[in-house]
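1. need a structure here:
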Amino acid sequence: MTRQNAQQSVREHGNDYCAIQPAEGGCVDKLNPLCHVMVSCRSSLLLCSAGLNAASCFHHASKEVLFIESGKLHNSDRKLFKDYLKMEADKQKVQTEKVQVTDRDLSEQIKAVTKDSHVRAENTELMLAFQRGNISLQQYKLLLCSLYKIYEALEEELDRNASHDSVAPIYFPQELARMEALKKDLEHFYGQDWREKMTVPAATLRYARRLREIGSEHPEYLVAHAYTRYLGDLSGGQVLGRITQKSLGLKNGEGLAFFTFPAVSSPNLFKQLYRSRMNSIELTETQREGVLQEAVRAFEFNIQVFDELQKLLNISEKNELRQRNKEHNLKTPDVRVSQSSAPSSSLTSPSQLLRMLLGVCLALAVGMGMYAF
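-> Purely as a prediction, here's the structure:
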């Protein structure tokens, strides 16, 4: 394969992703650790060669075309190639992702404008406590209900706008879609009639309504919601899945399908590909500003959902406690105990007992959490 052929491959496949050229000929656009030739385009470059896996080869490079025919690499070339990769990795090690960005990259702009909202979201009661492992089954079930309504709206709108210029580059239904996983989890906890048993706060419905609104009027805004939701779930999915499994004692992954992405073998590698695709989207200045504002709004929606879930949980806990206390009073005979004969450490009235238990319950509820971006 000549440099001219490689350049022709880039022209044929566009310049917003990497084209892989197997030894037998033909190109594919997915990451393939068995490829023989990789042609760089734009600012992303994946170099795959014998003895090197795709994850270790993925890195940022210049816009110049570079290709490697692994079947013809001599030892000296192979060493040079490995040294080059190491040098590039060392240059980028201060960054959390091996991707060079500019102030015009949409992913970096979203990160900048949502910084304050991100901090606020991370410090909601639910998320702080979730990371401590303070999660109840009721909390998790309510969270799954809200996530289902959110992803139902998001994925239906992404499907409907799959061919839109702004949506197509970041449309990965096989790798990222969460609907089937959420259905599986909800059926596990609620049974086959889970749809009739779902409970969601008003904030969740507002979030879903907004997604359907922009899907009809501003499909490019879906990019902001897809980015904040999918990459957030992909980033913390494995860790949060383990926390949930341990806290609730779930076995064999039952009820944890939401946290798994079986079609994504390397989350870090995939996130780099996703950001590269997103940064390639062409937007007018007005559209770009709208996407950035929508990213902030996405975080605000999530904060509202978590806050209302917490309130819903607090009310549920209080009602449950009142019901238990009522049943207890009905079963307990009304026996008068003189103050002198009653032990000094005893509670003298059911109301005092109720206040104490409510205080404990509220303290626990404040410390409970479920989810993190």
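2. what is the mean pLDDT for the helix or strand where E156 lies?
-> According to DSSP states H and E, E156 maps onto helix 137-160. On average, the pLDDT along helix 137-160 is 96.
3. and the next helix or strand past it?
-> helix 173-176.
4. for that following helix, list the C-alpha coordinates in PDB.
-> The C-alpha trace of helix 173-176 is given here as PDB (Å, rounded to 0.1, in the frame of the first residue of the first chain):
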ATOM      1  CA  PRO A 173     -26.900   2.900  19.500                       C
ATOM      2  CA  GLN A 174     -25.200  -0.500  19.600                       C
ATOM      3  CA  GLU A 175     -22.400   0.700  22.000                       C
ATOM      4  CA  LEU A 176     -24.300   3.200  24.200                       C
END
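5. CA-only coordinates of stretch 110-127, as CSV, when you get a sec.
-> What follows is stretch 110-127 as a C-alpha-only set of coordinates in CSV (Å, rounded to 0.1, in the frame of the first residue of the first chain):
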residue,chain,number,x,y,z
ILE,A,110,-18.7,22.0,27.4
LYS,A,111,-16.3,21.1,30.2
ALA,A,112,-15.5,24.8,30.8
VAL,A,113,-19.1,26.1,30.9
THR,A,114,-20.4,23.3,33.0
LYS,A,115,-17.6,23.3,35.6
ASP,A,116,-19.7,25.0,38.3
SER,A,117,-22.8,22.9,37.6
HIS,A,118,-20.7,19.8,37.7
VAL,A,119,-19.4,20.6,41.1
ARG,A,120,-22.9,21.3,42.4
ALA,A,121,-24.1,18.0,40.9
GLU,A,122,-21.3,16.1,42.6
ASN,A,123,-22.3,17.6,45.9
THR,A,124,-26.0,16.8,46.0
GLU,A,125,-27.1,14.6,48.9
LEU,A,126,-27.8,11.7,46.7
MET,A,127,-24.5,11.6,44.9
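6. flag every buried residue along that stretch.
-> Across stretch 110-127, burial judged by 16 or more other C-beta atoms under 10 Å covers I110, V113, T114, S117, H118, A121, T124, E125, L126, M127. For glycine as for every other residue, the C-beta is placed from the backbone atoms N, C-alpha and C.
7. pLDDT-wise, which helix or strand of the protein ranks last?
-> Within the chain, no helix or strand scores below helix 350-366, which has a mean of 33 by mean pLDDT, DSSP states H and E.
8. who does the helix holding E156 touch, helix- and strand-wise?
-> For helix 137-160, the elements it packs on are helix 173-176, helix 179-190, helix 202-217, helix 222-248, helix 285-331, judged by 3 or more C-beta pairs under 8 Å, 6 or more residues apart in numbering; DSSP states H and E.
9. mind giving me the packing neighbours of the shortest one?
-> Helices and strands touching helix 173-176, as assessed by 3+ C-beta pairs under 8 Å, 6+ apart, comprise helix 137-160.
10. buried stuff in the helix it packs on?
-> Here helix 137-160 shows 138-155, 157-158 as buried, counting by 16+ other C-beta under 10 Å.
11. same check, this time on stretch 301-317
-> Neighbour-count burial for stretch 301-317 flags 301-306, 308-310, 312-314, 316-317 (criterion: 16+ other C-beta under 10 Å).
12. got the domain ranges for this protein?
-> 3-92, 106-317 (automatic domain parsing).
13. ranking these by mean pLDDT, which is last?
-> Among these, domain 3-92 scores lowest, at a mean of 44.
14. which residue comes closest to I303 once chain neighbours are left out?
-> A121 (5.2 Å; C-beta to C-beta, 6 or more residues apart in numbering).
15. same check on E125?
-> Spatial nearest neighbour of E125, chain neighbours left out: Q310 (5.2 Å); criterion: C-beta to C-beta, 6+ apart.
16. swap in N161?
-> P219 is the one closest to N161 (C-beta to C-beta, 6+ apart), at 4.2 Å.
17. burial count for the one you found?
-> 19 (other C-beta atoms under 10 Å).
18. could you do the one 10 residues further on as well?
-> R229 is flanked by 21 other residues according to other C-beta under 10 Å.
19. touching, it and I150? I think so.
-> Yes: using C-beta atoms under 8 Å, R229 is in contact with I150, at 7.4 Å.
20. identify the residues contacting A202.
-> By C-beta atoms under 8 Å, 6 or more residues apart in numbering, the contact list for A202 reads E308.
21. for A298, see how far away it is.
-> Separation of A202 from A298 (C-beta to C-beta, to the nearest Å): 17 Å.
22. one more: S117?
-> In terms of C-beta to C-beta, S117 sits 9 Å off from A298.
23. also N314?
-> For N314, the distance to A298 (C-beta to C-beta) stands at 25 Å.
24. kindly report the same for G241.
-> Taken as C-beta to C-beta, the span from G241 to A298 is 22 Å.
25. one step back: tabulate the buried residues of stretch 110-127 (JSON lines), appending secondary structure and distance to V291.
-> What follows is those, written out as JSON lines (DSSP: H, G, I helix; E, B strand; the rest coil; distance: C-beta to C-beta, whole Å):
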{"residue": "I110", "secondary structure": "helix", "distance to V291": "8"}
{"residue": "V113", "secondary structure": "helix", "distance to V291": "10"}
{"residue": "T114", "secondary structure": "coil", "distance to V291": "11"}
{"residue": "S117", "secondary structure": "helix", "distance to V291": "15"}
{"residue": "H118", "secondary structure": "helix", "distance to V291": "16"}
{"residue": "A121", "secondary structure": "helix", "distance to V291": "19"}
{"residue": "T124", "secondary structure": "coil", "distance to V291": "24"}
{"residue": "E125", "secondary structure": "helix", "distance to V291": "30"}
{"residue": "L126", "secondary structure": "helix", "distance to V291": "27"}
{"residue": "M127", "secondary structure": "helix", "distance to V291": "25"}
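26. G241 and A298: which is more packed in?
-> Counted by other C-beta under 10 Å, G241 and A298 do not tie: A298 has more neighbours, with 25 against 17.
27. okay then, goodbye and thanks.
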